[in-house]
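> sequence first, predicted coordinates after that:
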Amino acid sequence: MSNPMKDQMPPQTDSVLSVTGLFKRHGDAETLHDVNFFLAPGERVALLGHNGAGKTTLMKIVLGLWSPSEGEVRVANAVPGSAEARKASAYLPEAVTFHRSLTGREQLKLFARLAGESPKVTGPLLERVGLADAADRRIGTWSKGMRQRLGLAQVLLGKPSIALLDEPTSGLDPISRHDLYAIIDEMASNGTAVLIASHALTEVEARTDRIAIMRKGQLVANDTLAHLSSRAELPIRLMLTARDNDAAEIHARLGGKRINGASVELLCQPENKMERLAHIAALGDLVIDVEMDPPSLEDLYRHYSGEDRT
Ligand SMILES: Nc1ncnc2c1ncn2[C@@H]1O[C@H](COP(=O)(O)OP(=O)(O)OP(=O)(O)O)[C@@H](O)[C@H]1O
């Protein structure tokens, strides 16, 4: 298998995470194939991919829980699993679990002690993640969103250089999601590199600086949304609303796809957009509205994982 990313990613000298030529094999099965990946301080990067693409495997190797079959991984210049690497990294698993019989405050104090931090930091942290009111209740009585917030407080505890968050918003309501991303933004602005494995494309589209897409153990895309978009050359979608529910004439003159009696969908390459708009304008009041819809992250995700928009 050739590596589709080989020419696209020069190694960064100031990386807090560097992954070079990483392979992972479980017996005959290869779950990571020649992955090269770097994270700079303060970057927020989304790690996307179908189920089984290799996201969790990559995270487990970065955390030192699994060893690479081949290749080199460094976390803050240290070997994963070493004391330096563990101090520099924090992990929020998808299904975060705590002692149900402890209160939130007791649990966080325990984590603070284990991390060599003063228990005094726990009060402000609980406040920061919106748990001040619930802090003295047993965790067994908490909702999933509250447990997720406590997980995030644990991540914030050691001021890590890199935070690995696995599906951090799964099962959260929209307000909790918003709060969680506000905390992620704050972490990043304080210099923590944040890697977010997620299937929630719409939210990571708006809240990350770079998108990495894995497919069958390979990194098939790794860039800003704008660069991925221009490289993919995906079409813009123009949705035309017809006068008097009469889409047939528009369809006859411009082609495209009739959506129902009232609308016609046209796809065009970005460089042809103005020409297409001129054709639409020439139809006069036959067209009463035009909506322009550039490729979304979902379209790019389909493209890079092998299912196109067109
Ligand atoms: N211990 C193991 N032995 C054999 N194969 C494994 C082992 N652990 C993971 N795999 C395989 O490695 C591949 C990648 O799994 P991984 O959990 O990293 O995917 P993922 O991208 O995190 O998926 P999801 O989105 O479902 O969490 C899968 O095909 C999985 O079956």
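Yep, it's here.
> pLDDT score assigned to Arg147?
pLDDT for Arg147: 90.
> once you drop chain neighbours, what's closest to it?
Leaving aside its sequence neighbours, Arg147 sits nearest to Val96 (C-beta to C-beta, 6 or more residues apart in numbering; 5.6 Å). Bear in mind the C-beta positions are built from the backbone N, C-alpha and C, glycine included.
> now do the contacts for that neighbour.
Arg147, Gln148, Leu150, Gly151 (C-beta atoms under 8 Å, 6 or more residues apart in numbering).
> how about Ile61?
So Ile61 contacts Leu22, Lys24, Leu32, Ser67, Pro68, Val73, Pro80 (C-beta under 8 Å, 6+ apart).
> what does the stretch 101-250 of the chain have sitting close to the ligand?
By C-beta under 6 Å from any ligand atom, no residue of the stretch 101-250 of the chain approaches the ligand.
> just the buried residues of stretch 109-116, please?
Buried residues in stretch 109-116, counted by 16 or more other C-beta atoms under 10 Å: Lys109, Leu110, Phe111, Ala112, Ala115.
> return the backbone torsion pair for the third one.
This means Phe111. phi -60, psi -40 (degrees, to the nearest 10).
> what does the model give the residue nearest to Arg147 for pLDDT?
83.
> got it, and the one 10 residues further on?
As predicted, Glu106 sits at a pLDDT of 96.
> contacts for the helix or strand harbouring it?
Assignment of secondary structure by DSSP states H and E places Glu106 within helix 104-114. Applying C-beta under 8 Å, 6+ apart, the contact partners of helix 104-114 are 98-99, 102, 118-119, 121-123, 125-126, 131, 134-137, 139, 142, 146, 150, 153-154, 157.
> near the ligand, anything from stretch 30-42?
Yes - using C-beta under 6 Å from any ligand atom, stretch 30-42 reaches the ligand at Thr31.
> let's number from 899 now, not from 1
Sure, I'll start numbering at 899, so the last one becomes stretch 928-940.
> tell me the mean pLDDT for that stretch?
96.
> put the alpha carbons of that stretch into PDB.
What follows is stretch 928-940, C-alpha atoms only, in PDB (Å, rounded to 0.1, in the frame of the first residue of the first chain):
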ATOM      1  CA  GLU A 928      -2.500  -4.500  10.200                       C
ATOM      2  CA  THR A 929      -4.400  -1.800  12.100                       C
ATOM      3  CA  LEU A 930      -2.000   1.100  11.400                       C
ATOM      4  CA  HIS A 931       0.000   1.500   8.200                       C
ATOM      5  CA  ASP A 932       2.800   4.100   7.900                       C
ATOM      6  CA  VAL A 933       1.100   6.800   9.900                       C
ATOM      7  CA  ASN A 934       3.000  10.200  10.000                       C
ATOM      8  CA  PHE A 935       1.400  12.800  12.200                       C
ATOM      9  CA  PHE A 936       2.500  15.900  14.100                       C
ATOM     10  CA  LEU A 937       0.800  18.200  16.600                       C
ATOM     11  CA  ALA A 938       2.000  21.700  17.500                       C
ATOM     12  CA  PRO A 939       1.300  23.400  20.800                       C
ATOM     13  CA  GLY A 940      -2.200  25.000  21.000                       C
END
